[in-house]
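S.K.: Test case, fold it:
(chains A and B)
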Protein chains: 2
Amino acid sequence: MAIAHATPGQAIDIRPAAADPDGARTVALFKSRDLEVMRLVLPAGKALPPHKVAREITIQCISGALAVNTAAGRHELKAGQLLYLDREAMHDVQALEDAMALVTVALP
Amino acid sequence: MAIAHATPGQAIDIRPAAADPDGARTVALFKSRDLEVMRLVLPAGKALPPHKVAREITIQCISGALAVNTAAGRHELKAGQLLYLDREAMHDVQALEDAMALVTVALP
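M.R.: Numbering: from 1, shown residues only, chains lettered A, B, ... in the order given. Just a heads-up that it's a prediction; the model follows:
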């Protein structure tokens, strides 16, 4: 679990290595004082149920495609796109295809 | 400058469109309450001089290659890698090749 202990300045591969047993599941790449970055892995058709986070977040699609549903509407993200969400914004995330995303969370 | 006014939930292309006059320079993709995300464009051989930021940041290389120099050493980043830096960490950034990066800043 070296990647769970990534330290400042350490280069972290956004996509998992082929042999990485963590490659098929959601993992935290690091969590520090102000920021946490997770790699979200969501197979096609799966979803994260509605939830919210205290501070702002970004969701960056790195492969596949996602839909992020908020009170303001449905937002589709393809690989190479990101969006941000307001503090406390209730949202769910659906994988339109097998999808991977980087989620960056501002910590309170 | 629509991208400078990206709103919550709006899909933002990480790489600039070919016709985007902002594609060749560093721009803020959005700045909100807790987070700011910039697209850093740095031609090969160019550098950002040493500077520091109040809160933690991530630097994600999206094309080319960068070196990030801190008191702890030199950290090379290829496309598809990211690192984070501590609060107030003095650092410079050198483009080893024509490089683009996403810089996410936690705001105080």
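S.K.: State the distance from the residue nearest the centre of chain A to chain B.
M.R.: Nearest to the geometric centre of chain A sits A:Val103, at 2.9 Å (CA atoms, centre = their mean). Distance, A:Val103 to chain B, by CB to the nearest CB, to the nearest Å: 11 Å. Glycine gets a C-beta too; all of them are placed from N, C-alpha and C.
S.K.: which residues sit against whichever helix or strand that residue is part of?
M.R.: Assigned by DSSP states H and E, A:Val103 belongs to strand A:99-106. Contacts to strand A:99-106, defined as CB atoms under 8 Å, 6 or more residues apart in numbering or on different chains, come from residues A:14-15, A:29, A:34-44, A:53, A:55-66, A:77, A:93, B:34-35, B:58, B:60, B:82, B:104, B:106-107.
S.K.: which residues in chain A form strands?
M.R.: Per DSSP state E, chain A carries strands over the ranges A:12-13, A:27-31, A:35-42, A:47-51, A:57-63, A:65-70, A:73-78, A:81-85, A:91-95, A:99-106.
S.K.: got CSV for those, with mean pLDDT too?
M.R.: Below are the strands of chain A laid out as CSV (pLDDT from 0 to 100):
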stretch, mean pLDDT
strand A:12-13, 93
strand A:27-31, 94
strand A:35-42, 97
strand A:47-51, 97
strand A:57-63, 98
strand A:65-70, 98
strand A:73-78, 97
strand A:81-85, 98
strand A:91-95, 98
strand A:99-106, 98
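S.K.: looking at these, which is closest to B:Asp86?
M.R.: strand A:35-42 (10.6 Å; CB to CB).
S.K.: chain center to the closest one: distance?
M.R.: Relative to its chain's centre, strand A:35-42 lies at 4 Å (CA atoms, centre = their mean, to the nearest Å).
S.K.: how far off strand B:99-106 does that strand point, in degrees?
M.R.: 110 degrees (axes from the mean of the first three to the mean of the last three CA atoms, to 10 degrees).
S.K.: sorry, back to before: mind listing the strands the strand holding A:Val103 pairs with, and their directions?
M.R.: Strand A:99-106 has its sheet partners listed here by DSSP bridges as strand A:35-42 (antiparallel), strand A:57-63 (antiparallel).
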